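Engineer: predicted model, plus sequence, below.
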Number of protein chains: 2
Amino acid sequence: MKAASPLAGLLTGEQKLIDSIKSWVGGNLIGDDCALIASQMLVSTDALVEGVHFRRDLMTLEQIGWKAVAVNLSDIAAMAGRPRYLFVTVCAPAEFSHTDFRSLYQGITDCARQYRVTVAGGDITASEKLMLSLTVIGDVHENGCLTRAGAKPGDVVVATGDFGASRAGLSRLLCGETSRQGHALERHIRPVPRLSESWTLVSKTGSLGALMDASDGFADAILQIARASSVGLMIELGSIPIHEETRKIAAEAGVDPIEWALYGGEDYELVGCIDANVWGEWRKEGSKNNPFVPVGIVTDGDSIAMTRHGAAAPALDMTRCFQHRPVTK
Amino acid sequence: MKAASPLAGLLTGEQKLIDSIKSWVGGNLIGDDCALIASQMLVSTDALVEGVHFRRDLMTLEQIGWKAVAVNLSDIAAMAGRPRYLFVTVCAPAEFSHTDFRSLYQGITDCARQYRVTVAGGDITASEKLMLSLTVIGDVHENGCLTRAGAKPGDVVVATGDFGASRAGLSRLLCGETSRQGHALERHIRPVPRLSESWTLVSKTGSLGALMDASDGFADAILQIARASSVGLMIELGSIPIHEETRKIAAEAGVDPIEWALYGGEDYELVGCIDANVWGEWRKEGSKNNPFVPVGIVTDGDSIAMTRHGAAAPALDMTRCFQHRPVTK
C-alpha cells in the first residue's frame, strides 16, 4: 500500500491520447473543460454514443436529450461561465422516427430552457447507433474565469453536492429498477449542471483558484487539477460528501461507496481549490449560501496523498476510472 | 414534363425534419449554413459518419481528416466569414490505434493550418464506427455577412468553380480506381473551401445579396436560397460549369453530367445572388479576378424554372439529391 501517488503514474490511456493530440495539433488551447478563445468566449464540445454513454433500454429519449445538454453545460460551469448557445448534432439510425426526434428534442429543449441557453444550430445525419454531439458557447463570468491550472499550495480543496450517486443510480438501473424515484436514479438520469454554484464561487474568488467538474469521478477531477496546476494534493476521503441512499445501494451491492465516489463518474459536481484566507472569510458567513464543503488541501510537490478518517488510505488507482474509450494500442 | 417547380413540393425529408426541429427548439437561429449569434461570430457544426459520408476502404485517414475540416470551413465560406477556431470530436472504434489517430489528425491539422484555423478543443470517445463531429467558429468579414435570405428579384445567380466533379470522382473510386490523380478524384477526396472567393464577393457587395455552399448539390443550393429569400429562380443549365473530366467520366458511366452537377453534391462550390448593377460593374473589370460565372436570374414568385440552351428543361427532382439520412417515418 502506497499512501502517495506520483502524478505521471496515474495517467489513463485516454489522457495520454489527449496529450498526443495536443502535441499533434500544436497550440495551447486544448486541455481544460472548455477552450478559452481570444474573444473570451467559452466553448466546449461533448459526444454521447449509444452503448457507450447511454443505453436506450435504460433511459427514454427525453432523458437522453436532457442529459446530453446538462453534461455539456456542466463543462461551462467547470469554468464558472454562463452558457449561451448550443449546437446539437444528432446521428440517428434509419429506424429513428419523427416521434423519436420529437422526444429527443423535448429533453434537449427542456434543459436548454431551464438554463436559458439557445439552441442555435447543429447537424443531422444517419448512423448505425444513436449519437449526439453537442457544442456549447458561453460567456466568461464578469468576475473572472476559473481553470484547472489555478491551484496553489495552501489552498483548500472544496466540492459541491455529493459523489457516487450517479454510479449508484446506474447500479439500480442495471438491476432492472423500473421506478424512476430516488436521489441516485435522479442523479444518473437527470444530472444538474452546477452553474449557480460556480457563479457563487467566482463571485467570491474572481479568477483566484481552480475549478473543474467531476464528470469522470472525483479522482479524475483532483488528478487533472494537480497536473494542470503543478501541485500536490492531500485529500481526506471521509470528507467527500456521499448521500445516504448511495451508501445504502453500495451496501446492497457489496461495494465501498468511496469507490463509486472516486471512480464512478457522471456526478457532474464541482471540485475546486480556493485561497485559504478567502475560504476562511467565507466560512465565517455560515454555510447557508455556501454550496461547497472542504475535502482536502493543496500541497507542494507532485503527488496525491489520501487519508480516511485520518489514517493513510490506499493510493489512487486510475485504472478503476470510468473511461469512454479503451487504451489505444 | 413541368418547366417550373413550386418550392413547397421540392422539400426533402431531411429539410422537413429540420423545419420540425426549428419549431421544436424555437428561436430563429437555425436554418442557414452557420448560426449568426449575437456577438457576431459564425458557428457551424458538421458530422461525418463512416459508411454514410465516407468509406475507409476508399479514403485514407489523412484524407478523411482533411475533408472533415474542409467541409466544415466551407460552411463559413458560405457566409463569407473567416474561420478561426475548430473543435474536433472523434468517436472511434476500439481497434483504432494511436497511429490511426495520428494519421487522422495529420489530415485535420494540415487543412486547419492551410486556412489558418486553430484546433482549440474537442472530445474523444468510443463508438462502433468512426465518426467525426466538427464545430468551427469564425469571424464575420469586415465588409459584411451574406446569408441565404438576401436574394431579390433581378439579381444575377452566380457560381464558383465547377459542379459534378466530386460525384464523378466518387464514381471512379467505386469502380476500383486506385490512382489518386485527376481533377475529379482530387475534388472528391480533397475538397477546397471557397474562402477567398467568398471574401472577393463580399468585398464587392457588402451584405447585399445571397450566398451558400453547394454541399448537397447545385439543386439543393438554389432551392435553399429561393426558400430563404422568398423568390423564384430561372436557371440556365447550360451555364453551370462542368469540368471536361467530369463530362468524360459521366459519358463512360452513361450519365448526363448535369445530373451529377445538380444532385451529386459534395462539390463545395459557392452559389450566390448578386445585385445586377454590382455584377455589371464587376464584369467590366474582366474575368481575371472574378471567380464567379453567371448561371441564372432571380425572379418574382415562388418557383424554380430551368432552361437548357434556351429550351425548357425538366423540373427539379429533389428525390435525386444526395441525402445523408433517409426520410423519417
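Structural biologist: Happy to help now that I have it.
Engineer: list the contacts of A:Gly272.
Structural biologist: A:Leu146, A:Val157, A:Val158, A:Ala159, A:Leu201, A:Gly209, A:Ala210, A:Leu211, A:Met212, A:Phe292 (CB atoms under 8 Å, 6 or more residues apart in numbering or on different chains). To be clear about C-beta, it is placed using only N, CA and C from the backbone, and glycine gets the same treatment.
Engineer: let's have those in JSON lines, adding secondary structure and distance to B:Arg283.
Structural biologist: Output for those, formatted as JSON lines (DSSP: H, G, I helix; E, B strand; the rest coil; distance: CB to CB, whole Å):
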{"residue": "A:Leu146", "secondary structure": "coil", "distance to B:Arg283": "56"}
{"residue": "A:Val157", "secondary structure": "strand", "distance to B:Arg283": "68"}
{"residue": "A:Val158", "secondary structure": "strand", "distance to B:Arg283": "67"}
{"residue": "A:Ala159", "secondary structure": "strand", "distance to B:Arg283": "67"}
{"residue": "A:Leu201", "secondary structure": "helix", "distance to B:Arg283": "61"}
{"residue": "A:Gly209", "secondary structure": "coil", "distance to B:Arg283": "61"}
{"residue": "A:Ala210", "secondary structure": "strand", "distance to B:Arg283": "60"}
{"residue": "A:Leu211", "secondary structure": "strand", "distance to B:Arg283": "58"}
{"residue": "A:Met212", "secondary structure": "strand", "distance to B:Arg283": "57"}
{"residue": "A:Phe292", "secondary structure": "strand", "distance to B:Arg283": "67"}
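Engineer: can you show me the strands along the stretch 201-329 of chain A?
Structural biologist: Per DSSP state E, counting those that start in this stretch, the stretch 201-329 of chain A carries strands over the ranges A:210-213, A:232-236, A:270-274, A:292-299, A:303-308, A:311-312.
Engineer: sec struct for A:Ala70, please.
Structural biologist: helix (DSSP: H, G, I helix; E, B strand; the rest coil).
Engineer: quick check: it touching A:Pro191?
Structural biologist: Yes: the pair A:Ala70 / A:Pro191 is scored as a contact, 4.8 Å apart, by CB atoms under 8 Å.
Engineer: these two: who's more crowded?
Structural biologist: The residue with more neighbours, out of A:Ala70 and A:Pro191, is A:Pro191; 24 against 20, by other CB atoms under 10 Å in any protein chain shown.
Engineer: where does the more buried one fall, secondary structure wise?
Structural biologist: Under the criterion DSSP states H and E, no helix or strand holds A:Pro191.
Engineer: what touches both of A:Ala70 and A:Pro191?
Structural biologist: What both A:Ala70 and A:Pro191 touch, as defined by CB under 8 Å, 6+ apart, is the set A:Tyr268.
Engineer: tell me how many other residues crowd A:Pro83.
Structural biologist: Look at A:Pro83: counted by other CB under 10 Å, it has 25 neighbours.
Engineer: just checking, what packs against the helix or strand harbouring it?
Structural biologist: For A:Pro83, the element it lies in under DSSP H and E is strand A:82-92. Applying 3 or more CB pairs under 8 Å, 6 or more residues apart in numbering or on different chains; DSSP states H and E, one finds that strand A:82-92 contacts helix A:61-77, helix A:98-114, strand A:118-126, strand A:131-139, helix A:195-205, strand B:41-49, strand B:131-139.
Engineer: mind running it again at 7 Å?
Structural biologist: Under the contact definition 3 or more CB pairs under 7 Å, 6 or more residues apart in numbering or on different chains; DSSP states H and E, strand A:82-92 sits against helix A:61-77, helix A:98-114, strand A:118-126, strand A:131-139, strand B:41-49, strand B:131-139.
Engineer: now the first one against strand B:118-126, angle please.
Structural biologist: For helix A:61-77 against strand B:118-126, the angle by axes from the mean of the first three to the mean of the last three CA atoms, to 10 degrees is 140 degrees.
Engineer: quick one, what contacts A:Val295?
Structural biologist: A:Val157, A:Val158, A:Ala159, A:Ile235, A:Glu236, A:Ser239, A:Ile240 (CB atoms under 7 Å, 6 or more residues apart in numbering or on different chains).
Engineer: closest to chain B among those?
Structural biologist: Set against chain B, the nearest of the contacts of A:Val295 by CB to the nearest CB is A:Ala159 (23.7 Å).
Engineer: what residues does the stretch 101-250 of chain A have near chain B?
Structural biologist: A:101-102, A:105, A:109, A:118-129, A:131, A:133, A:135, A:137 (CB under 7 Å from any CB of the partner chain).
Engineer: quick one: the helices in the stretch 151-300 of chain A?
Structural biologist: Under the criterion DSSP state H, counting those that start in this stretch, helices of the stretch 151-300 of chain A are mapped to A:165-174, A:183-189, A:195-205, A:218-229, A:244-253, A:257-263, A:276-284.
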